[in-house]
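> Okay, predicted coordinates and the sequence, questions at the end:
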Amino acid sequence: MLTTLSTKKEKIEQVKVLCEEEKALILAHYYQDEEIQDIAHFIGDSLELSRKAEETDAEVILFCGVHFMAETAKILNPNKKVLIPDLNAGCSLADECPENEFKKFIDQHPDHYVISYINCSAGVKANSDLICTSSNAVDLVKKIPQDIPIIFAPDKNLGRWVENQTGRKMKLWDGSCIVHETFSEEALLKLKTTHPDAEIIAHPECNEILLGYSDFIGSTSKLLYYVQTSDVKKFIVLTEPGIIYQMRIKEPNKTFLDVPGIDGCSCNSCPYMRLNTIDKVIESLTTLQPQIHLDKETRERALIPIKKMLELSS
Ligand code: 13P
Ligand code: SF4
């Protein structure tokens with residue numbers, strides 16, 4: 001059937017029909033391909049997407065993002081069918097923090113309060129006291145009493161940035177994102193030299209050196225909000241370039257420049273996020289597969305620190 005749907009217009013129409021038939025809600029992260037952003041009912045950062053997943057009364061959630069995001073949707077709204085167009089859409093950060101090793105790390109620091117970035121598996125969430133996202137990490141860490149030592153996992157770059165923002169030392173897990181780690185400092189400086197009027201804006205998953213050059217640092221939604229409210233007309237964007245699609249829609253008269261990876265590669269695109277395609281969306285809505293399944297115990301344990309995050313950041 002998929003092969004008979006040739007044009008983009010026909011595919012969009014098919015997605016609409018399937019969503020109505022299945023009472024499905026399409027949630028998409030800003031790093032998705034443009035064609036997926038175009039068909040989504042809601043586009044957001046990981047915190048906003050979690051909230052949408054929790055509150056929806058749709059029967060099916062089709063999560064166009066990566067696995068940990070769809071898993072979080074299932075944890076928050078377990079009675080819904082949660083689909084992801086491609087089950088292989090993982091995350092290097094989540095992969096760098098296996099649950100068993102994480103448990104050992106926690107056991108080595110028994111008196112610590114465990115804060116995990118939402119980019120981790122349900123198993124890691126289940127072993128955490130509090131979940132955060134890049135948009136609320138600084139505020140949440142500030143809420144933990146000063147005398148309580150903190151473990152922060154799995155992103156060391158986000159962790160270090162939070163340390164700098166809060167003046168609070170934490171035990172950091174040694175993980176990072178393959179996408180945000182590969183932006184080329186040399187290419188960034190070249191761009192800044194050619195466009196001295198541009199501001200550099202960055203996601204906190206970038207390394208400390210790149211963040212050091214940045215005029216503004218924030219989650220994907222915060223970056224989008226910043227470019228809409230700033231008087232500046234040109235931005236060098238240090239995050240996955242999917243977000244630039246929305247920036248250009250919201251601010252068509254401003255200029256947005258993306259930064260290539262080391263050696264000029266286009267590895268600034270997240271290879272996991274980009275596994276999702278409109279054809280896989282149609283397939284997924286047609287077959288109601290692949291679905292996210294979680295065992296009850298993990299789901300219930302992981303819900304506690306996620307709920308705590310939503311309460312503390314509301
Ligand atoms: P946001 O929370 O800003 O959406 O970031 C998620 C992510 O995976 C960044 O790489
Ligand atoms: Fe994970 Fe990095 Fe992709 Fe975000 S951009 S989903 S942190 S691999």
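That came in fine, so what should we check first? Ligands and ions are numbered 1, 2, ... in the order given.

> So which residues on this protein come close to ligand 1?
Residues of the chain that fall close to ligand 1, judged by C-beta under 6 Å from any ligand atom: D45, S46, N119, T133, S134, S135, C177, H203, E205, S219, T220. Just so you know, the C-beta spots here come from the backbone N, C-alpha and C atoms, and that holds for glycine as well.

> mind running it again at 8 Å?
The chain comes close to ligand 1 at residues 29-31, 44-47, 49, 66, 69, 91, 93, 118-119, 133-135, 177, 179-180, 203, 205, 218-223, 239-240, 270, 273, as judged by C-beta under 8 Å from any ligand atom.

> can you give me the strands for the stretch 51-200 of the chain?
Using DSSP state E, counting those that start in this stretch, the strands found in the stretch 51-200 of the chain span residues 60-64, 81-83, 113-117, 130-132, 150-153, 171-172, 199-202.

> Indicate which one of those strands is closest to ligand 2.
When these are compared by C-beta to the nearest ligand atom, strand 113-117 sits nearest ligand 2, at 8.8 Å.

> Quick check: V259 vs M170, distance?
28 Å (C-beta to C-beta, to the nearest Å).

> So between those two, which is more surrounded?
Comparing V259 with M170 by other C-beta atoms under 10 Å, the one with more neighbours is V259, at 23 against 20.

> so what's the backbone phi/psi at S221?
Backbone torsions of S221, given as degrees, to the nearest 10, read phi -70, psi -40.

> center of the protein, which residue is that?
Computing the C-alpha centroid of the chain and ranking residues by C-alpha atoms, centre = their mean puts S46 first, at 4.7 Å.

> Would you tell me whether stretch 203-216 gets close to ligand 2?
Yes: for stretch 203-216, a contact with ligand 2 is found by C-beta under 8 Å from any ligand atom, at E205.

> Show me which residues of the protein are close to ligand 2?
Checking the chain against ligand 2 by C-beta under 8 Å from any ligand atom, the hits are 29, 31, 65-66, 68, 90-94, 119, 155, 177-180, 205, 239-240, 270-273.

> of all of the stretch 201-314 of the chain, which residue lies closest to ligand 2?
Scanning the stretch 201-314 of the chain for proximity to ligand 2 using C-beta to the nearest ligand atom identifies C270 as nearest, at 3.4 Å.

> secondary structure element for that residue?
C270 belongs to no helix or strand when assigned by DSSP states H and E.

> On the three-state scheme, Y225 is what?
Under DSSP: H, G, I helix; E, B strand; the rest coil, the three-state class of Y225 is helix.

> residue contacts, it?
Y225 makes contacts with G218, as judged by C-beta atoms under 8 Å, 6 or more residues apart in numbering.

> Same question for the one 10 residues further on.
If a contact means C-beta under 8 Å, 6+ apart, then F235 has A198, E199, I200, I201, V227, M247, K254, T255, F256, L257 as its contacts.

> and the gap between the fourth one and G123?
I201 sits 33 Å away from G123, going by C-beta to C-beta.

> ok, now the fifth one?
Here the distance between V227 and G123 works out to 36 Å (C-beta to C-beta).

> neighbour count winner among these two?
Legend: neighbour count by other C-beta under 10 Å for V227 and G123, higher for V227 (24 against 19).

> give the contact list for that one.
Contacts of V227 (C-beta under 8 Å, 6+ apart): I201, F235, M247, K250, E251, K254, F256.

> Tell me the span between the first and last residue of stretch 107-121.
18 Å (C-alpha to C-alpha, to the nearest Å).

> now it, how far from the centre of its chain.
Remark: stretch 107-121 is offset 19 Å from the chain centroid, using C-alpha atoms, centre = their mean, to the nearest Å.

> Name the residues of that stretch that are buried.
Within stretch 107-121, the residues that qualify as buried are H112, Y113, V114, I115, S116, Y117, I118, N119, C120, S121, counting by 16 or more other C-beta atoms under 10 Å.

> Could you do stretch 134-149 as well?
Under the neighbour-count criterion of 16+ other C-beta under 10 Å, stretch 134-149 has S134, S135, N136, A137, V138, L140, V141, I144 buried.

> swap in stretch 242-257?
Judged by neighbour count (16+ other C-beta under 10 Å), stretch 242-257 contains these buried residues: G242, I243, I244, Y245, Q246, M247, E251, F256, L257.
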